[in-house]
Structure formats: C-alpha cells, structure tokens
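A.B. asks: Next one to model:
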Amino acid sequence: MPAVSKGDGMRGLAVFISDIRNCKSKEAEIKRINKELANIRSKFKGDKALDGYSKKKYVCKLLFIFLLGHDIDFGHMEAVNLLSSNKYTEKQIGYLFISVLVNSNSELIRLINNAIKNDLASRNPTFMCLALHCIANVGSREMGEAFAADIPRILVAGDSMDSVKQSAALCLLRLYKASPDLVPMGEWTARVVHLLNDQHMGVVTAAVSLITCLCKKNPDDFKTCISLAVSRLSRIVSSASTDLQDYTYYFVPAPWLSVKLLRLLQCYPPPEDAAVKGRLVECLETVLNKAQEPPKSKKVQHSNAKNAILFETISLIIHYDSEPNLLVRACNQLGQFLQHRETNLRYLALESMCTLASSEFSHEAVKTHIDTVINALKTERDVSVRQRAADLLYAMCDRSNAKQIVSEMLRYLETADYAIREEIVLKVAILAEKYAVDYSWYVDTILNLIRIAGDYVSEEVWYRVLQIVTNRDDVQGYAAKTVFEALQAPACHENMVKVGGYILGEFGNLIAGDPRSSPPVQFSLLHSKFHLCSVATRALLLSTYIKFINLFPETKATIQGVLRAGSQLRNADVELQQRAVEYLTLSSVASTDVLATVLEEMPPFPERESSILAKLKRKKGPGAGSALDDGRRDPSSHDINGGVEPTPSTVSTPSPSADLLGLRAAPPPAAPPAPLGAGNLLVDVFSDGPAAQPSLGPTPEEAFLSELEPPAPESPMALLADPAPAADPGPEDIGPPIPEADELLNKFVCRNNGVLFENQLLQIGVKSEFRQNLGRMYLFYGNKTSVQFQNFSPTVVHPGDLQTQLAVQTKRVASQVDGGAQVQQVLNIECLRDFLTPPLLSVRFRYGGAPQSLTLKLPVTINKFFQPTEMAAQDFFQRWKQLSLPQQEAQKIFKANHPMDAEVTKAKLLGFGSALLDNVDPNPENFVGAGIIQTKALQVGCLLRLEPNAQAQMYRLTLRTSKEPVSRHLCELLAQQF
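C.D. replies: You can find the predicted model right below:
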C-alpha cells in the first residue's frame, strides 16, 4: 500500500475535529457543524474548480459529520469524482464515503459501478482491493449483477496478487450471502478449491470461508475440497509454532484457519478414501494429544486459541459419529473441563457432552461424569451453566440412573431460577414417564413435582399423569391413596386439586374401604378446597361430585345439597351454573342404571406422542428435536401408556377401534374396549382381530415398545381410511442395490439410529427400536436442495422368500417433498422366522424433471431381535456343551480393522444385542455373551465368545446357536464390526 505523504495530513480536518471536541454544549456543536456545512456547500457550488486535495478534505469532513449523527444530503457527487483520481488517498476517501453514505438504491450506483469496473480492469492491486472492498460493503443487488461474473475470474486468475485474491474471495462471499442466485457456478468452482493449496495463508483462510458457504448449497461441486482440507489441516496440526511464524498466535499455529478447516469438513460425511480418512483421524488424535500437553504460555490468549481448535475438533468427531475411540477420548477430554476454573469452558464442555450423550459409543463414557454434572447443577453461579448441566443430565439419563437424576433435578427445582423452572418441570416429567418401571414411582414423582413447583406445572403434565393412571389398572389404587394423602396438606396447589378431583372421581372407590378415606371423608376433603380454586377447577370438582353420587350413593344427599345451594344454581359463571343445574337434575331424575351408564369409568386413552415432549420441543425452539430426543434409546427403557389429554367431562364414548399405537388397519370385530396394559400391547401391535397370541403379562420388565419421535397425532378413523400396507413391487421392478449398500448396512448392525444414506440431493436418516420379535422404524427423508421432489415414492421390497420370514407394514408418505423439507415414514416390523437377507428400500422421485432412483438395504438384521439373557457361569457352560454339534458352531479368526479398545468392544457387543456375562470366562480379557433370537415361529438361543489378542491385533469369535444358518450369519455380521 503506498505511503501517505506529509501533505495528506489534512490540517483543516484536524482543526475542525478539534473545534468539535472543544464545544461546551450540544448547541455549540450544532452551530459549528452548520457553519462548516455552509462553507463546504459554498465551496462545492463555487465557480472555482476544486483540486483533489480539497475535495478529499471536504468529503472527509462530511463523513465525520455523518458519523456524529447528522444527516448529509450533498457531497455524494464529489465523492464519486474522487474515484477517478490516480492518487491512492483520494480514491480511498471516495470509496470510504460511498461505502458509508451511499444507499444501495441511489441513482449514483451506475456511475460508481463504472469507476469500480475501471479499477478492476486496471490490474493495480491496490485499486482492485479498494474496489472489491466497496462492492462487499455496499453489497447491493445491482452491484452483484454487475460484478458477480467478474469477481470469480479475478479470484482464480493466475496473475492476481495474494491480497487481491483474498479480497476477491471475501467479496464473493458477501455477494453470495446477499443474493445466492447471482453467483454463477461454473468452471471456476473447481479451480477455487485449489486455493486451499495456496502458499499464502491469508488466501487459504479467505478461500475456506467462501468454500464453506458455497458447499452447503452445492456440496458435489466442492467435494474435492475434502482431501485438500485434510492435507492442509494435517500440515498445520503437525507443524511447530516456529514453522508458521507469521500466522502463529501465542504458540498456536494458524488457529483461525484450523477452526475454519474443521468447520468445512463438518459439511461432508467422513471421507470415503481410506488414506484421507486415516490422515484425518491422525490429525484429530494429534489435537486431542496436544490438549493433554502442558501449556506453552500462561496467557489467556494461548488457552483460548488452543481450546477453540479442540472444541471444533470434538464437534467434527461428533459429526462423524463413526470413530468410537475418538468419541470416548473426546468425552474424557470434555470431562476434564467440567471442573475447570474458567466458566466459559465449563459451559462449552457441558454443551458438547449433551451431543456426545446421543452417541451409542460414548454414552457410557458420558455417564461416568454424572456426579460432576450434578455438583455443577447445585453449585454453579452462572444460570446458563446450570441450565446446560440440567440439559446434560436429561441427555445422559437412561434406565440405570433415571431415579438418581430425577431425584437430583427435583431437589434442584426447589431453588432453581424462575426462568428455567418450567423447562426443568417438563424434563422431569418426561424422564419419569420414559424410564418408569415402577408406576408407583412415576405417580410419586409427578405429585412431588406439583408440590414443589405447582405454578410451573403446565396442563400437559397433569393431563399426562391422568392418562397413564387411567390406562394402568395396577396403579389406580395407589394413585388414589397417594393423591388423597397429598390433598390433606394445609397448603395444596390448585394443580394438585385438579389431579385429586379427577383420580378420586374415577377411582376413589378403590380406597373407600378404609375408614380414614371413606366416601364422606373424600368428599369433605375435596369440597374444603372448592372455594379457593379457579372456575375451571371448580367445574372439574362438580364433575367429581356427580361421579361420587354414582360411586357412593350414601353421599347423594350431601352432594345434592351442595348443588342446590344458591351459590351454584345462581352462579355468575355460566359454566358452573349449567353444570350445577344439569348434575342436580341428572342425580334426581335418572335411574340407578342410567346414572351408572352415563357416569361409567373413563376408557383407556389412545396412545399418541407425549404432549409434554412436544411442549418441551416448542419451548426449546426449532432444531431442538435432536437434542431433546436424541435417538439413542435405552433398549430397556419403557414409556408408560398415555394418550390424548383428558378433559374433566362426565360422559365419554369408548372407541373399540382405537389402537394404542395407531397401527391396526381394521378394527377388531366384536372386541370389547378392554383396557390395554403395557404387557399385552406388544402382541396386539399387528393383530387384525382379537388377541391371537397369549398375553405376555403386564410386568414392568415387558413394557411396550417406546415411541421414537412419532408422527403428528392422527385419529384412529384417519388411519382406517388410509390403510398402511401398500403393494410391494417385486425385486425385478427395482434396480440392484447401490455399490456401498453392504457398507452402509454394516454401520447399523450395532446401532439403531444414524444417517443411512446421503448425497447431494437426498439424506435418509433412521431411528428404530426393537422389542422381542417386533420393531418400529422411522425413516426420515430430507430434501437437501431448494427444488421440490415430485412423485416421491419410497417402497420396501422383500427379495426371495423374505416375505414369509419378515412382515413389514409401511405408511405412505407425501408424493411431494419441498426443498429443504423432511418427511418421515413409519415401518412396523415383525420377525416371523429367522432370515439371512435384509429387505430392500427403493426410493424413486423426480428432481428437476429428471427421474432419480436408488436401492438400499434396509438396516433390519436378525440380531435386531436379540433379547439379552443373563445367566450364571455354571448355566452358561452347561448350555455351551449342549450346543456342541459341529453344525451348531460358527467360528472366525480375523485381523482387527479398528483400534482394539475394551470399552468400545463392550459397547459394540451390547449394541449387537447380547447380554455380557461377567466372571464367566477364566480369561478376564475375553468377552462372553448370551441371548435369544425372538421370532414368531420359534426362539433361537445364542451363546458367543470373543477372544481378543492385542499383541497380534487379532480376534477369535465363536458363536453357538441351535440353528446352523443363524450361527454362520451372526458370526459374519459381528466379525465385520471389529
């Protein structure tokens, strides 16, 4: 950049600024400014032509006056004239004035564009940079249309200076963000990727920012950047702080560029090239290793730069979710930050661990920090850190620690900040429902929740507990007893009165035998709260009273007296008055039989998505679904029966056709509306009539299949009008599976959720859960483009004899998928008998008028129906000897394809479905497992033994089952995971 000569000091400007600063009042400042504006106006309008220096000085004064907050309505033309000057300082002031004061709709834009065009064509690097900066600062659409085609040419030109390339990249980025449609994709896109290899680090940094933005809309055009980004990242990470002296920040080489490269790699799935992937893994491991090294400086700038790279590295590891060893290491590294003295680090560590908790590989590692997280919830001073700690407890919760986490969150709720109390309430309610094995614990938890934070318990929460109590016969008596005791407290929240009124009105007869909770006592207790409640609660209590007349005839006279009271019959509220009149008439006129029919017990509620979870998602905002329902479900977790929100009504019509999971294609003929418990729901999922299989029994251990982000609630009648099963095309009607179908399938052998397929147009995600011989799978189809998919048709195909081995019910999806939108398809699966080949998923649609099709292997393998079985060492060896026939055993010795880590191996075996048996094998390094393959026709027992040899980097896997094909197939499936 040319040096500023001594004569460019603009003494007049300095004097004016000094005068302004010396003004004693606002009036004096305005007076001085007005005087100067009059002087400048007269100079511009005078007959004498001004030289470049004078124009520059006066334009600078106008710019200063504008920055003080005063309007400037002249001088724009003089600033435009400065653009034609050959002096750098004059041209610079002209561009500065235009960038700040000229509106994008100004009439001078054409003149400005001509001056910019001349400077871009001048090949003077200084003038070119000034012009590019002006385009970026103004960023109007007219400028974009004028220069969008020229800037890419300048960017990739071989003779462009480094400073020009840098400015061109950032200018193009600004135009693309303002008007993406103006930037043409063409030959330059392939060449701009090679700027990642440029010798000038500033050019590389600007190019990475540009490519990161462009590849989000056009990923295939920039796919070659992956290998170049990995190569550049590798050189930076492996370099010493002295190798990049100009770009080393407090002993950290190029931290900003490293972070940008890591973010660029997060725009793509893991590299397909093994060499590139290996090099990237080495980079990530190096960053994690450097984080363990002692700091080279005690200054905060050093730790900030180092930690910025570390956290972005962990984000990339989480994004890939394919390297168990790295995921566990990342979790351990974050665990060290949980007790760091720096608040920001603790916050970021908690936030990242929330995402890590959703990975099957790192979930167990996250759980080891539960005590530290609970301590943070109790002791942190910053409310935002406490909120992140609550989020992490919610994410790491599973069946093994649910009671501890819910207990701690309830304890924290008593002193929690008012801003987050409602969110804590919702999370406690969701966790209590999701992981409740003991239904009495669930009822206690919700009532305790109402007692502690009644003002923050929304209707969705107490509606939900009523649904569950209504749907569970075995908890109704306990709920009535517990809520009766809770109502005896002197200070009782109104929500507790609502719950108590509903439950006692429905199930008060179950505790009426105890003199301490006799019908008159129940009525007196409820009526003592009546005058303290709102109109809505009083209306509910009136409905409870009329229910009492049906349940306890001895209370009829007392209740009729309450209904006859003038305060009820002449109540100012129409709802209360109408209820009192109608209930009084009903109790006086109707016979006992009619009364019993009208006031019968509420039927079970149809099952739908928990409204509590839906409310929490709305509260967290868009994009929070993955955080709230992370897709990693504990196979042993149980949701509790629930349904649509009950309303305090006295009359209800049972719905015989209502299926709790909404899966039947037709109502069962002549089936009475019996309450469905958690036990018999599983066997009734696919039935077309009355239960054709024996009940599994309503034991907590056999609770029903939990839902995974189900679709929006639908009425049973809507489902009946649109039967789910569709005619499958034969295998001959679809193309062969894509080449990488087997590799994609293998990713899901030990996991139930993730991205099944992704290209530049379409992303297919999977969430699934299996229980005994039944499963439910959700397929998420995401349109990654801005163009609508037409004739979108995903179909499940059964090759060969699979139709007789596996039953798959599918639900239709919309035939049009808007750009950027996502649709989901529900698959209900039943294993009829053992099978070896998975079903195929054929996806067809039209994109931009061109037909598109692909065929994948659906991630449904025989091990998905594995039920873990615990057994003692003696029982194991006895069963092992019984399965001693040669055809019952399959064995494979193979070399390890991944680092041999005991925790990762354990996680994969548990994900495979077997129970891991401790203290069975004499060699503690070996893994022993047992389980049963559940099919409708038969059960196949399975025992496995995995012997790792760390020295030789080899495994020996032995599987014994009662069926030869199953042994071989399971052995092949499991061996591919190591």
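
A.B. asks: use CA for all of it now, contacts and neighbours both
C.D. replies: Fine.

A.B. asks: And the nearest residue to residue 334 once chain neighbours are set aside, how close does it get to residue 261?
C.D. replies: The shortest distance from residue 334 to any non-neighbouring residue, by C-alpha to C-alpha, 6 or more residues apart in numbering, is to residue 349 (5.2 Å). Residue 349 sits 21 Å away from residue 261 when distances are taken as C-alpha to C-alpha, to the nearest Å.

A.B. asks: does residue 597 count as helix, strand or coil?
C.D. replies: The three-state label given to residue 597 by DSSP: H, G, I helix; E, B strand; the rest coil is helix.

A.B. asks: and if you look at residue 767?
C.D. replies: Per three-state DSSP, residue 767 ends up strand.

A.B. asks: Identify the residue spatially nearest to it, adjacent ones excluded.
C.D. replies: Leaving aside its chain neighbours, residue 767 sits nearest to residue 753 (4.4 Å; criterion: C-alpha to C-alpha, 6+ apart).

A.B. asks: burial count for that neighbour?
C.D. replies: 24 (other C-alpha atoms under 10 Å).

A.B. asks: Go ahead and confirm it touches residue 776.
C.D. replies: No. Look at residue 753 against residue 776 with C-alpha atoms under 8 Å: they stay out of range, at 11.9 Å.

A.B. asks: any idea how far residue 309 is from residue 253?
C.D. replies: 10 Å.

A.B. asks: Now do the shared contacts for residue 753 and residue 776.
C.D. replies: Common contact partners of residue 753 and residue 776 (C-alpha atoms under 8 Å, 6 or more residues apart in numbering): residue 768.

A.B. asks: can you list the weak-confidence ranges in the stretch 1-150 of the chain?
C.D. replies: Low-confidence segments of the stretch 1-150 of the chain, defined by pLDDT under 70: 1-9, 47, 104.

A.B. asks: can you do 90?
C.D. replies: Within the stretch 1-150 of the chain, the segments meeting pLDDT under 90 span 1-13, 41, 43-56, 71-81, 83-86, 89, 98-113, 122-123, 135, 137-150.

A.B. asks: so which strand or helix has the closest residue to residue 595 other than its chain neighbours?
C.D. replies: Distances taken as C-alpha to C-alpha, 6+ apart put residue 550 closest to residue 595, at 6.5 Å, once the chain neighbours are dropped. When elements are assigned from DSSP states H and E, residue 550 belongs to helix 535-551.

A.B. asks: Show me what that helix is packed up against.
C.D. replies: Secondary-structure packing of helix 535-551 (3 or more C-alpha pairs under 8 Å, 6 or more residues apart in numbering; DSSP states H and E): helix 494-507, helix 519-527, helix 556-564, helix 574-589, helix 592-598.

A.B. asks: So which residues make contact with the third one?
C.D. replies: What it means is helix 556-564. 545-546, 548-549, 568-569, 580-581, 583-584, 587.

A.B. asks: ok, of those residues, which come out buried?
C.D. replies: Among the contacts of helix 556-564, those classed as buried by 16 or more other C-alpha atoms under 10 Å are 545-546, 548-549, 568-569, 580, 583-584, 587.

A.B. asks: Please identify which of those is nearest to residue 450.
C.D. replies: residue 545 (22.9 Å; C-alpha to C-alpha).

A.B. asks: what's the neighbour count on residue 292?
C.D. replies: Neighbours of residue 292 (other C-alpha under 10 Å): 9.

A.B. asks: nope, residue 793 is what I was after
C.D. replies: 17.

A.B. asks: three-state assignment of it?
C.D. replies: strand.

A.B. asks: residues in contact with it?
C.D. replies: Going by C-alpha under 8 Å, 6+ apart, residue 793 touches 813, 815, 843-845.

A.B. asks: sorry, back to before: where's the dip in pLDDT among the buried ones among the contacts of helix 556-564?
C.D. replies: Ranked by pLDDT, the buried ones among the contacts of helix 556-564 bottom out at residue 568 (78).

A.B. asks: Isn't that one up against residue 575?
C.D. replies: No. Residue 568 is beyond contact range of residue 575, at 10.2 Å (criterion: C-alpha under 8 Å).

A.B. asks: Next one: residue 293 from residue 512, what distance?
C.D. replies: Residue 293 is 69 Å from residue 512, by C-alpha to C-alpha.

A.B. asks: Return the residues in contact with residue 157.
C.D. replies: By C-alpha under 8 Å, 6+ apart, residue 157 lies in contact with nothing.

A.B. asks: Quickly note the distance from it to residue 188.
C.D. replies: Residue 157 is 9 Å from residue 188, where distance means C-alpha to C-alpha.

A.B. asks: just residue 767 next, same as before
C.D. replies: With C-alpha to C-alpha as the criterion, residue 767 and residue 188 are 40 Å apart.

A.B. asks: who's more crowded, those two?
C.D. replies: Counted by other C-alpha under 10 Å, residue 767 and residue 188 do not tie: residue 767 has more neighbours, with 23 against 15.

A.B. asks: my guess is residue 378 contacts residue 412, does it?
C.D. replies: Yes. Look at residue 378 against residue 412 with C-alpha under 8 Å: they come within range, at 6.7 Å.

A.B. asks: what's the helix or strand the residue nearest to residue 334 falls within packed up against?
C.D. replies: Per DSSP H and E, residue 349 falls inside helix 343-356. With contacts taken as 3+ C-alpha pairs under 8 Å, 6+ apart, helix 343-356 sits against helix 300-320, helix 324-337, helix 363-367, helix 383-396.

A.B. asks: List the buried residues of that helix.
C.D. replies: 343, 345-356.

A.B. asks: And stretch 954-968, by the same measure?
C.D. replies: Applying 16+ other C-alpha under 10 Å to stretch 954-968 flags 954-963, 965-968 as buried.

A.B. asks: what do you get for stretch 523-538?
C.D. replies: Quick answer for stretch 523-538 (16+ other C-alpha under 10 Å): 523, 525-527, 529-530, 533, 537-538.
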